[in-house]
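> Predicted model, plus sequence, below.
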Amino acid sequence: QVNPFTGTISPLFPIPNTYIANGSVAFDHARGRYIFNGRDDQGNGAFFAVSVNGDTIVQAPYTNPSPFPIGLEYDLQLDTTVGLWYDTQTDIQYLVHLNLQDGSFTQIAPLNGVSYVKLGTMALNSNTHRYVFIGLDSAFNKYYYYVNTQTGQIIYQIPIAEDPNFGALHFDNNTDRLYGLSSEVD
């Protein structure tokens, strides 16, 4: 638990023998649990669902490292985890639904035209089931991509004229606003 006013950290409970992959964490508000991609002490990939009170730790191993997850978000309305996968063999990005019981995933659709996804820029609007991220097309043009989480269709592809160096995007489902942190160097 983190105190945002003092910056102090109070460990709640250990998650033994687990490495958490960067950029692959979602939060299920209804169940009060973190969902993340990680590795066990043997280096095996797995998805984890860990409640903040420590009473439930689910570990769902996955065997195929390609495609691998590059971002996870939790859809509050559909009660499901969605994510972006990158297939290293085909060099294609995919939108998928994740099964936390067995570590499998269901491919919704390839994200045609998306050549690169900037890690740490994913957010989800659960009200409209729109997954948003910053990415590049094959000509290295930067866009905000909005993807329908049920069909995988790219709904919007909004050009980014100036590089805002955004990260940590978050969609506030109560206010219907997208927020992000920007690094500016003076």
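Noted; the coordinates are in hand. This is a predicted model, so every value here is computed, not measured.

> pLDDT score assigned to the spatially most central residue of the chain?
The residue at the geometric middle of the chain, judged as the C-alpha nearest the mean C-alpha position with Cα atoms, centre = their mean, is residue 72 (2.3 Å). In this prediction, residue 72 carries a pLDDT score of 86.

> Assess the claim that it and residue 80 are in contact.
No: applying Cβ atoms under 8 Å as the test, residue 72 and residue 80 come out as separate, 10.9 Å apart. For glycine as for every other residue, the C-beta is placed from the backbone atoms N, C-alpha and C.

> Can you name the element that comes right after the strand or helix carrying the residue nearest to the centre of the chain?
Counting by DSSP states H and E, the element that carries residue 72 is strand 68-75. Next along the chain after strand 68-75, taking DSSP H and E as the criterion, comes strand 80-87.

> Direction included, what does the helix or strand just after that next one pair against?
The helix or strand immediately downstream of strand 80-87 is strand 92-98, counting by DSSP H and E. Take DSSP bridges as the rule and strand 92-98 pairs in its sheet with strand 80-87 (antiparallel), strand 105-110 (antiparallel).

> Show me what counts as buried in the longest one.
By neighbour count on 16 or more other Cβ atoms under 10 Å, the buried set for strand 80-87 is 80, 81, 82, 83, 84, 85, 86.

> List of residues touching that strand?
Around strand 80-87, the neighbours that count as contacts under Cβ atoms under 8 Å, 6 or more residues apart in numbering are 24, 26, 28, 35, 66-75, 92-98, 100, 105, 107-108, 111, 117, 122, 124, 131, 133, 149.

> Repeat that for stretch 25-43.
If you take Cβ under 8 Å, 6+ apart as the criterion, stretch 25-43 is touched by 17-21, 24, 45-53, 56, 59, 61, 68-69, 72-74, 76, 79, 81, 83, 98, 100.

> now stretch 143-157
For stretch 143-157, the external contacting residues (Cβ under 8 Å, 6+ apart) are 75, 78, 82, 94-95, 97, 108-114, 124, 129-137, 158-160.

> likewise stretch 119-131?
Contacting residues not belonging to stretch 119-131 are listed as 22-23, 70-78, 82, 84, 95, 132-135, 146-150, 155, 166-171, 173, 176, 178, 180 [Cβ under 8 Å, 6+ apart].

> go with 7 Å
The contact list for stretch 119-131 (Cβ atoms under 7 Å, 6 or more residues apart in numbering) reads 23, 70-71, 73, 75-78, 82, 84, 95, 132-134, 146-150, 155, 166-171, 173, 176, 178.

> And stretch 97-108, by the same measure?
Contacts of stretch 97-108 with the rest of the structure, by Cβ under 7 Å, 6+ apart, involve 35, 46-47, 49, 58, 60-62, 72, 80-83, 94-96, 151-152.
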